[in-house]
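Q: Sequence and predicted model, in that order:
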Amino acid sequence: MKNVEMAADYLFRAERCLKEAELALTERDFPGAVRRSQEALELAVKSVLRYLAIEYPREHDVGESLTQVAKDLPDYLKDRIPEIQALLTELARVRGPAFYGYEREGISARKAFGREYAEDTFRKVSEIVKVCARYLRKT
């Protein structure tokens, strides 16, 4: 039962992060939208892993852990694993810069992340969070 409760909480927080990402988009805070989208994706994937009682690495990119459980997932989620893994890796890399910018180069987060990238990221993450939610709510 503990894994189910934790998974539900992670999913709740993922959906909350998505709402915050959407608000950031409406306020033209594009790096904020990227950062919150990254957090939403990470939490949604971790909710699936937690539900399945998989101990994943304590890092932001947990995509490799999905490969371990692919056989236990329905096709609508299993078929998206490569896409999810690629997005997890990409967003884990820009997580810090979306908050702080590229400090060494003197590039602020606002200059580094534009509207198109933020909207595309939000759209992709929203779809994946919905797929994860579908899995958790139907099992």
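A: Perfect, I can see it now. Residues are numbered from 1 along each chain as shown.
Q: Identify each buried residue in the lowest-mean-pLDDT helix or strand in the chain, please.
A: Lowest on mean pLDDT, DSSP states H and E among the helices and strands of the chain sits helix 63-69, with a mean of 80. Neighbour counts over helix 63-69 (16 or more other Cβ atoms under 10 Å) mark 63, 65, 66, 69 as buried. Bear in mind the C-beta positions are built from the backbone N, C-alpha and C, glycine included.
Q: Could you grab the helix/strand/coil label for residue 54?
A: coil (DSSP: H, G, I helix; E, B strand; the rest coil).
Q: In this protein, which residue is most central in space?
A: With distances taken as Cα atoms, centre = their mean, residue 41 lies nearest the centre of the chain, 1.0 Å away.
Q: separation between it and residue 62?
A: 10 Å (Cβ to Cβ, to the nearest Å).
Q: For residue 27, give me the backbone phi and psi.
A: With angles defined as degrees, to the nearest 10, residue 27 sits at phi -90, psi 10.
Q: And for it, the neighbour number?
A: By the criterion of other Cβ atoms under 10 Å, residue 27 has 10 neighbours.
Q: which ones are touching it?
A: Not one residue lies near residue 27 by Cβ atoms under 8 Å, 6 or more residues apart in numbering.
Q: what's the distance between residue 30 and residue 91?
A: Applying Cβ to Cβ, the value for residue 30 to residue 91 is 14 Å.
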